[in-house]
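Enquirer: The amino acid sequence is not available; the structure is as follows:
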Ligand SMILES: NC(=O)c1cc2c(=O)c3cc(F)ccc3oc2nc1N
């Protein structure tokens with residue numbers, strides 16, 4: 001195959017594989033069988049190996065893991081990644097609602113969404129291309145784990161619009177992947193992961209991205225940090241915007257006109273939680289209007305416009321030399 005033809009084929013395969021990847025991992029609606037995807041990926045890997053001068057860090061082939069690092073660079077979050085204050089019962093939620101209404105008046109709408117139990121990460125895009133991903137760290141300084149995040153198939157390398165955007169989300173390991181991983185580790189006599197959150201965090205902290213690539217990690221994006229080239233007025237609008245850009249957002253969110261609707265949503269999901277294919281540790285409630293979020297602002301540690309209702313820890317049975325303790 002001559003140079004020109006190889007270059008054309010490589011570019012064509014990259015476009016095609018990213019489209020198939022988006023259909024499979026973001027829309028969950030593949031248009032071709034896995035065997036066809038695998039065969040095209042194999043062809044691209046061979047072509048790229050024969051044409052190193054055409055290497056592109058956004059090629060779908062880097063999703064199987066790139067170079068091993070010696071350490072992770074530090075990254076500063078220009079918009080700090082704060083953590084959420086907690087609510088443990090209905091009264092806490094009513095107190096939160098009262099404080100919000102004292103701040104912005106009674107005309108307030110909430111968005112309630114599932115609190116994914118994984119690792120908080122920030123993704124930065126310039127001109128619509130994925131250029132950096134980092135952990136939350138202490139909220140201001142995180143670790144650059146771009147190479148590992150590139151192995152998460154649902155993270156788009158190229159957005160549908162060429163915006164400059166910094167977006168936050170939760171990387172997680174689906175329950176089924178967690179069970180398979182621990183079965184494999186048990187067979188190999190390795191230490192087991194205690195829960196999917198630790199497994200996801202452990203996988204993304206590996207210096208060799210091939211390990212992260214093998215762990216079937218996934219991500220839901222939930223918030224915009226910095227944004228140029230577009231403006232949104234409310235949280236529900238920003239969730240739709242992220243989805244239209246090509247991001248995977250969690251579909252189970254609900255707009256609530258008052259705190260009673262929020263409490264119904266919380267109770268509903270407390271029951272349905274075990275049926276989800278991923279772990280959640282609560283429900284996040286946010287004031288929907290971004291203008292009202294601005295008015296409410298932040299305490300030193302948490303936003304005043306959001307709160308996390310934490311579910312009671314699921315019954316954990318610990319076996320100690322055959323004695324069953326319900327802790
Ligand atoms: N784990 C989650 O599924 C989740 C987490 C957060 C946050 O940590 C979070 C932290 C803030 F300071 C502000 C909003 C947030 O919104 C969030 N929304 C979510 N859905």
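Expert: Good, I have the coordinates. Predicted model, so just to flag it, every value in this text is computed and none were measured.

Enquirer: contacts, neighbours, all on C-alpha from now
Expert: Fine.

Enquirer: What count of nearby residues applies to residue 295?
Expert: The tally of other residues near residue 295 (other CA atoms under 10 Å) stands at 14.

Enquirer: From residue 287, how far out is residue 63?
Expert: 36 Å (CA to CA, to the nearest Å).

Enquirer: Residue 13 too?
Expert: 43 Å.

Enquirer: same question, residue 186
Expert: 44 Å.

Enquirer: out of residue 13 and residue 287, which sits in the more crowded spot?
Expert: Applying other CA under 10 Å to residue 13 and residue 287 shows that residue 287 carries more neighbours, namely 25 against 19.

Enquirer: what bridges to the more buried one?
Expert: Under the criterion DSSP bridges, residue 287 forms beta bridges with residue 110.

Enquirer: just checking, it touches residue 293?
Expert: Yes: if you go by CA atoms under 8 Å, residue 287 and residue 293 touch, sitting 6.4 Å apart.

Enquirer: list the residues that contact both of those two?
Expert: Overlap of the contact sets of residue 287 and residue 293 (by CA atoms under 8 Å, 6 or more residues apart in numbering) consists of residue 305.

Enquirer: Next, the buried residues of the helix or strand containing residue 225.
Expert: Per DSSP states H and E: residue 225 is located in strand 218-228. In terms of neighbour count (16 or more other CA atoms under 10 Å), strand 218-228 has its buried residues at 218, 219, 220, 221, 222, 223, 224, 225.

Enquirer: could you redo these as TSV and give each row pLDDT and distance to residue 112?
Expert: Output for those, formatted as TSV (pLDDT from 0 to 100; distance: CA to CA, whole Å):
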residue	pLDDT	distance to residue 112
218	98	21
219	98	18
220	98	15
221	98	15
222	97	11
223	95	13
224	93	16
225	88	19
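
Enquirer: Correct me if wrong, but residue 130 is in a strand.
Expert: Yes: under DSSP: H, G, I helix; E, B strand; the rest coil, residue 130 falls within a strand.

Enquirer: Next one: it from the ligand, what distance?
Expert: Using CA to the nearest ligand atom, to the nearest Å, residue 130 is found at 21 Å from the ligand.

Enquirer: near the ligand too, which of the buried residues of strand 218-228?
Expert: Contacts with the ligand within these, counted by CA under 6 Å from any ligand atom: residue 222.

Enquirer: List phi and psi for residue 254.
Expert: Here is the backbone geometry of residue 254 (degrees, to the nearest 10): phi -140, psi 130.

Enquirer: Just give me the neighbour total for it.
Expert: For residue 254, the tally of surrounding residues (other CA under 10 Å) stands at 16.

Enquirer: Show the contacting residues for it.
Expert: 111, 112, 113, 265.

Enquirer: A strand includes residue 147, no?
Expert: No: applying three-state DSSP, one finds residue 147 to be helix, outside a strand.

Enquirer: Spell out which residues of the stretch 151-300 of the chain are next to the ligand.
Expert: So the stretch 151-300 of the chain meets the ligand at 170, 222, 284 (CA under 6 Å from any ligand atom).

Enquirer: now do the stretch 1-150 of the chain
Expert: 81, 82, 83, 84, 113, 114, 115, 116, 117.

Enquirer: tell me the angle the helix or strand where the fifth one lies makes with strand 218-228.
Expert: Just to be clear, that refers to residue 113. Using DSSP H and E, residue 113 maps to strand 110-116. Counting by axes from the mean of the first three to the mean of the last three CA atoms, to 10 degrees, strand 110-116 lies at 130 degrees to strand 218-228.

Enquirer: how far away is the closest residue to residue 224 other than its chain neighbours from residue 306?
Expert: In this structure, residue 224 finds its nearest non-sequential neighbour in residue 167, 4.5 Å apart by CA to CA, 6 or more residues apart in numbering. In this view, residue 167 and residue 306 are 17 Å apart by CA to CA.

Enquirer: So which of these two has more stuff around it?
Expert: Between residue 167 and residue 306, residue 306 has the larger neighbour count (other CA under 10 Å), namely 26 against 19.

Enquirer: And the more buried one, how far from residue 110?
Expert: 9 Å.

Enquirer: Mind listing the shared neighbours of those two?
Expert: 285, 286, 287.

Enquirer: Could you save the residues you listed as JSON lines and add columns showing pLDDT and distance to residue 200?
Expert: Formatted as JSON lines, the shared contacts of residue 306 and residue 110 follow (pLDDT from 0 to 100; distance: CA to CA, whole Å):
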{"residue": "285", "pLDDT": "98", "distance to residue 200": "24"}
{"residue": "286", "pLDDT": "98", "distance to residue 200": "25"}
{"residue": "287", "pLDDT": "98", "distance to residue 200": "29"}
